[in-house]
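# here is my input; please provide its structure:
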Amino acid sequence: MDTQYFERMESEVRTYSRSFPIVFDRACGAHLWTTDGTQYIDFLAGAGTLNYGHNNPVLKKALMDYIERDGIVHGLDFWTHGKQDFYQTLEELILKPRGLDYKIQLPGPTGTNAVEAAIRLARRITGRSNILTFTNGFHGVTMGALATTGNAKFRDALGVPAIGAQFMPYDGYLGEGVDTLDYVEKALDDKSSGLDRPAAAIVELVQGEGGINAASIEWIKRLADICKQRDILLIVDDIQAGCGRTGKFFSFEHAGIKPDMVTNSKSLSGYGLPFAMLMMRRDLDKWTPGQYNGTFRGHTLAMVTAAETLRHYWKDDTFEKDVQRKGEVIRERFEMLAGLLSDAGHPAKERGRGMMRGIDVGSGELADEITHGAFERGLVIETSGQAGEVVKCLCPLTITDDELEQGLTILERSIRSLIE
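Next up, the predicted model:
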C-alpha cells in the first residue's frame, strides 16, 4: 500500500494514522473499507463525531437534496432557511420537551470554538477572569480552551504559560469514598485557599479524552448547587458526551440539572460535518454585534443534516431507549472483559455511561497491545486517558446488534490472545 505521499507531505503531528496505518476509501454505517477492499468495524466513529454512522442514508438524502437545489452553503451569520429549520427543529424536539430555554451562538466550526466563546462570555458577564476546571478534563487546544485542559501532552505544546484557569479534583480523582467537592467548596469559601473567585466552572460530565470518567449523579447535582449558591456560571462541555452518546441527548439530563451554558459539537451535524454551538441562558447573551465572530460560523450544510438528524432520531424516545439498551450490552461485556484481565493479573475496570464506555487496563502499553490486536482482526478502536490506559468504545449509536456483537467479539479475542 503506497503511503509515501502521506509520510512525505503530512506533519509529524498526525496521530490516528499511526495507529491505523492504512488508506481508507469508503465508509457506511459502522463499517470502513480500505482501498484494497478490506473491511473494518468502526468503534471510533470519528472520535464521537459519527454517532449516526458513516454516510447515513437519511442524512445523505437531505444533504444531497439541499445541494441539488443550490441551497446556501456558506452564509456567515445571514439568516438562511437552513438555519431557521435547524433552530426551529432544535427548539421543538430538543429544548422545549426538556424544559430548556437557551439562546444559540454559532462561534465557529469546532468544539474548541464553542469553549472559547463560553469562557469569554463568562468573563464578560461576571467581570471575573478565573475559570474553575477539573483534573483530566479536555476542552480543546486553542489558547483559552487549553488553559482548562489538563493533559500535559497538549499543554506542553502551547509555547507560553497556560493561564486563566485553576484545576480542582474531578469526581473519583482522589479515590473511592472521597467527595472531591468537599475540597472544592472549602477552597471557594476560604479566602486563604489561593483559589481566585471563578467566573465559571467548566466540566465534562463524562470525560472522554481523560479516560471515560463518569461523574456520579450526586456529584453533578452538588456541583450545580455549589455554583448556583456562589454566583459561578456552570458550563457543561457536552462536545463528546452530547447528542445521545450517554443515553440522553444531553449528558446533564441524567442529573436533572440546567446548566447556565452548554457547548456542543462533534455529532451535532450528524454527518461528520464541522458544526459547533454554544447554548446560553437568555439573560447571559451580553455580546455586542460582531464582538465574537468567525468566517465559518454559517456552515449551512451542517445545519441541514443536524435538523434532519433531530427529526429522524429524536422525535420521540424510541432511539434514546435503544441507545440505553445497547449501552447495557457494552457495559456487561466490558465488565466481563475487565474481569478476565483482572483474573490474569492485569487489574482492570469498566466505566462510562450509555454508549460512552471504556476499560481501564492500567497500562498504556497493554491498552495499545489490545487495540493493535483488535485492528489486526478487523476492528478500529482507540485509547484514552492520561497515559492511554483506557480502551475506549465510541461505536456509532446506530450500530446493529450483530455489528456490535462482532466488534465486541473481536475485542475479546484480542484480549484473550494476550492473557491466555
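# contacts, neighbours, all on C-alpha from now
Will do.
# number of residues surrounding the residue nearest to residue 304 when sequence neighbours are not counted?
Nearest non-adjacent residue to residue 304, counting by C-alpha to C-alpha, 6 or more residues apart in numbering: residue 82, 5.7 Å away. Residues near residue 82, counting by other C-alpha atoms under 10 Å, number 23.
# hang on, isn't residue 82 packed against residue 303?
Yes. The pair residue 82 / residue 303 is scored as a contact, 6.2 Å apart, by C-alpha atoms under 8 Å.
# for whichever strand or helix holds the residue nearest to residue 304, buried residues please.
In the assignment (DSSP states H and E), residue 82 maps to helix 81-90. For helix 81-90, the neighbour count (16 or more other C-alpha atoms under 10 Å) marks 82, 83, 85, 86, 87, 89, 90 as buried.
# likewise for stretch 120-134?
120, 121, 122, 123, 129, 130, 131, 132, 133, 134.
# for that stretch, the averaged confidence score.
The predicted model assigns stretch 120-134 a mean pLDDT of 98.
# now do the strands in the stretch 301-420 of the chain.
Using DSSP state E, counting those that start in this stretch, the strands of the stretch 301-420 of the chain run over 349-353, 356-360, 379-380, 382-384, 390-393.
# farthest pair in the buried residues of helix 81-90?
82 and 90 (12.3 Å; C-alpha to C-alpha).
# distance of the closest residue to residue 255 other than its chain neighbours from residue 327?
Computed as C-alpha to C-alpha, 6+ apart, the closest residue to residue 255 that is not its neighbour in sequence is residue 217, at 5.3 Å. Distance, residue 217 to residue 327, by C-alpha to C-alpha, to the nearest Å: 17 Å.
# more crowded one of these two?
Neighbours per residue (other C-alpha under 10 Å) separate residue 217 from residue 327, with residue 327 holding more: 22 against 16.
# list the contacts of the more buried one.
By C-alpha atoms under 8 Å, 6 or more residues apart in numbering, residue 327 lies in contact with 247, 353, 354, 355, 356, 357.
# report the contact partners of the fifth one.
Meaning residue 356. Neighbours of residue 356 in contact, by C-alpha under 8 Å, 6+ apart: 212, 241, 245, 246, 327, 392, 393, 394.
# now with 10 Å?
Contacts for residue 356 (C-alpha atoms under 10 Å, 6 or more residues apart in numbering) come out as 48, 206-208, 212-214, 240-241, 244-247, 327, 330-331, 392-395, 397.
# where along the stretch 151-300 of the chain do the helices fall?
For the stretch 151-300 of the chain, the helices defined by DSSP state H, counting those that start in this stretch occupy 152-155, 180-189, 217-229, 300-313.
# just to revisit the earlier point, grab the two from the buried residues of stretch 120-134 that are most spread out in space.
The largest separation in these, counting by C-alpha to C-alpha, is between 121 and 134 at 19.4 Å.
# show me how far the longest helix along the chain is from its chain's centre.
If you go by DSSP state H, the chain has its longest helix at helix 318-343. Computed by C-alpha atoms, centre = their mean, to the nearest Å, the separation of helix 318-343 from the middle of its chain amounts to 19 Å.
# now do stretch 302-322
The answer for stretch 302-322 is 18 Å, by C-alpha atoms, centre = their mean.
# buried residues, it. List them.
For stretch 302-322, the neighbour count (16+ other C-alpha under 10 Å) marks 302-311, 314, 319-320 as buried.
# how about those residues in TSV, adding pLDDT and distance to residue 266?
Below are those laid out as TSV (pLDDT from 0 to 100; distance: C-alpha to C-alpha, whole Å):
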residue	pLDDT	distance to residue 266
302	97	11
303	98	13
304	98	15
305	98	13
306	98	11
307	98	15
308	98	16
309	98	13
310	98	15
311	98	18
314	98	17
319	98	19
320	98	18
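# quick one: which of those residues is nearest to residue 224?
Distances from residue 224 to the buried residues of stretch 302-322, taken as C-alpha to C-alpha, are shortest for residue 320 (24.5 Å).
# so who does that closest one touch?
Neighbour list for residue 320: 244, 245, 246, 247, 248, 249, 313, 314, 354, 397 [criterion: C-alpha under 10 Å, 6+ apart].
# just the buried ones from these?
244, 245, 246, 247, 248, 249, 314, 354, 397.
# returning to what we had before: the helix holding residue 82 packs against which elements?
In terms of contacts (3 or more C-alpha pairs under 10 Å, 6 or more residues apart in numbering; DSSP states H and E), helix 81-90 is packed against helix 300-313.
# ok and the helix it packs on relative to helix 318-343, angle-wise?
90 degrees (axes from the mean of the first three to the mean of the last three C-alpha atoms, to 10 degrees).
# tell me which other helices or strands helix 300-313 touches.
If you count contacts as 3+ C-alpha pairs under 10 Å, 6+ apart, helix 300-313 packs onto helix 57-68, helix 81-90, helix 318-343.
# pull out the buried residues from the first one.
Along helix 57-68, these residues count as buried under the neighbour rule (16+ other C-alpha under 10 Å): 59, 62, 63, 66.
# and these, which is closest to residue 337?
residue 59 (35.1 Å).
# excluding residues flanking it in the chain, which one is nearest that closest one?
residue 305 (5.4 Å).
# quick one: contacts for that neighbour?
Per C-alpha under 10 Å, 6+ apart, neighbours of residue 305: 56, 58-64, 66, 82, 86, 268-273, 311.
# need the per-residue pLDDT for residue 1.
63.
# wait, residue 18
pLDDT, residue 18: 89.
# adding distance to residue 151, write the strands of the stretch 301-420 of the chain out as JSON lines.
Shown next, in JSON lines, are those (distance: least, C-alpha to C-alpha, whole Å):
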{"stretch": "strand 349-353", "distance to residue 151": "19"}
{"stretch": "strand 356-360", "distance to residue 151": "17"}
{"stretch": "strand 379-380", "distance to residue 151": "24"}
{"stretch": "strand 382-384", "distance to residue 151": "11"}
{"stretch": "strand 390-393", "distance to residue 151": "15"}
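# follow-up on the earlier one: distance to residue 109 added to the contacts of residue 320, as JSON lines?
Formatted as JSON lines, the contacts of residue 320 follow (distance: C-alpha to C-alpha, whole Å):
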{"residue": "244", "distance to residue 109": "20"}
{"residue": "245", "distance to residue 109": "20"}
{"residue": "246", "distance to residue 109": "23"}
{"residue": "247", "distance to residue 109": "25"}
{"residue": "248", "distance to residue 109": "23"}
{"residue": "249", "distance to residue 109": "20"}
{"residue": "313", "distance to residue 109": "23"}
{"residue": "314", "distance to residue 109": "23"}
{"residue": "354", "distance to residue 109": "26"}
{"residue": "397", "distance to residue 109": "22"}
